[in-house]
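1. Sharing a model that was predicted from the sequence below.
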Amino acid sequence: KAGVTQTPRYLIKTRGQQVTLSCSPISGHRSVSWYQQTPGQGLQFLFEYFSETQRNKGNFPGRFSGRQFSNSRSEMNVSTLELGDSALYLCASSLQGAKNIQYFGAGTRLSVL
Amino acid sequence: DQQVKQNSPSLSVQEGRISILNCDYTNSMFDYFLWYKKYPAEGPTFLISISSIKDKNEDGRFTVFLNKSAKHLSLHIVPSQPGDSAVYFCAASASGANSKLTFGKGITLSVRP
């Protein structure tokens, strides 16, 4: 069974640009969660999607948004990039959500210059 | 506010000895706890979990202990191996379909040969 796939693995953008990250969950998993990891910080929860609906949202500004498609694949978008958005963005999938084990992708390393 | 705290940023242990990684939480609604391990350039991988109805769960060399009254859990690795060197994250969730996983900042474990 294929794991969680995130593309691209690395991304370099400049301030003010926007970016879209992609996540393909494990087959059969309906829940996709996104996290931001910065140096010295844990994984900060961005949002969770389940059956194409945003079910939970973390404390991030509206520049961070996402969506989920009918095949459970998910995208995350960050508009008007800031230097502080440089981070590792991780996607995790699970069968139903937080009460199930979440399986993570390798992440997308975003650098904002 | 940091609801899941891993107060020690790093731990160094001799190969063959026991590694004890600690985690504290403040939210009394948390009833499910997990440990993840993360190597550089990879996503976190699930290690072991425990429900609040238990006080101990064991899987091979890994044992998690939960002390609900103290809002404290710990991960024991016995015996420690050099391949265990990684960042370990503690995570917690509360009941409810919309519950999310809340992560600590992680502990860097180094196992010396």
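-> Perfect, I can see it now.

2. all strands of the chain, in order?
-> If you meant another chain, say so; for now it's chain A. Using DSSP state E, the strands of chain A run over A:5-7, A:10-13, A:19-24, A:31-37, A:43-50, A:53-57, A:64-68, A:74-78, A:87-94, A:103-104, A:108-112.

3. To clarify, I was referring to chain B.
-> B:4-5, B:10-14, B:19-25, B:30-38, B:45-51, B:56-59, B:62-67, B:72-77, B:86-94, B:102-103, B:107-112.

4. Quick one: closest of the ones you listed to A:Thr53.
-> Proximity of the strands of chain B to A:Thr53 was assessed by CB to CB; the nearest stretch is strand B:86-94, lying at 18.8 Å. C-beta: built from backbone N, CA, C; applies to glycine.

5. Tell me the residues of chain B that contact chain A?
-> Proximity of chain B to chain A (CB under 8 Å from any CB of the partner chain) is limited to residues B:4, B:6, B:32, B:34, B:36, B:41-46, B:49, B:89, B:91, B:93, B:95, B:97-106.

6. switch to 6 Å and redo it
-> Residues of chain B found near chain A (CB under 6 Å from any CB of the partner chain) are B:42-44, B:46, B:93, B:98-101, B:103-106.

7. on that earlier part again, need the strands of chain A in JSON lines (columns: mean pLDDT).
-> Formatted as JSON lines, these follow (pLDDT from 0 to 100):
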{"stretch": "strand A:5-7", "mean pLDDT": "96"}
{"stretch": "strand A:10-13", "mean pLDDT": "96"}
{"stretch": "strand A:19-24", "mean pLDDT": "98"}
{"stretch": "strand A:31-37", "mean pLDDT": "94"}
{"stretch": "strand A:43-50", "mean pLDDT": "93"}
{"stretch": "strand A:53-57", "mean pLDDT": "91"}
{"stretch": "strand A:64-68", "mean pLDDT": "97"}
{"stretch": "strand A:74-78", "mean pLDDT": "97"}
{"stretch": "strand A:87-94", "mean pLDDT": "94"}
{"stretch": "strand A:103-104", "mean pLDDT": "94"}
{"stretch": "strand A:108-112", "mean pLDDT": "96"}
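
8. centroid residue for chain A?
-> A:Trp34 (3.3 Å; CA atoms, centre = their mean).

9. For beta bridges, what are the partners of it?
-> Note on A:Trp34: beta-bridge partners by DSSP bridges are A:Phe47, A:Cys91.

10. In contact with the residue of chain B found nearest chain A: list those residues for me.
-> Nearest to chain A in chain B, going by CB to the nearest CB, is B:Gly43, at a distance of 3.3 Å. By CB atoms under 6 Å, 6 or more residues apart in numbering or on different chains, B:Gly43 lies in contact with A:90, A:104-107.

11. what do you get if the cut-off is 8 Å, keeping everything else the same?
-> A:4, A:6, A:90, A:92, A:104-107 (CB atoms under 8 Å, 6 or more residues apart in numbering or on different chains).

12. Quick check: the farthest pair among those residues?
-> Going by CB to CB, the pair spanning the contacts of B:Gly43 furthest: A:Ala92 and A:Ala106, at 11.4 Å.

13. From the neighbour counts alone, determine which of those two ranks first.
-> Remark: of A:Ala92 and A:Ala106, A:Ala92 carries more neighbours, 27 against 16, as counted by other CB atoms under 10 Å in any protein chain shown.
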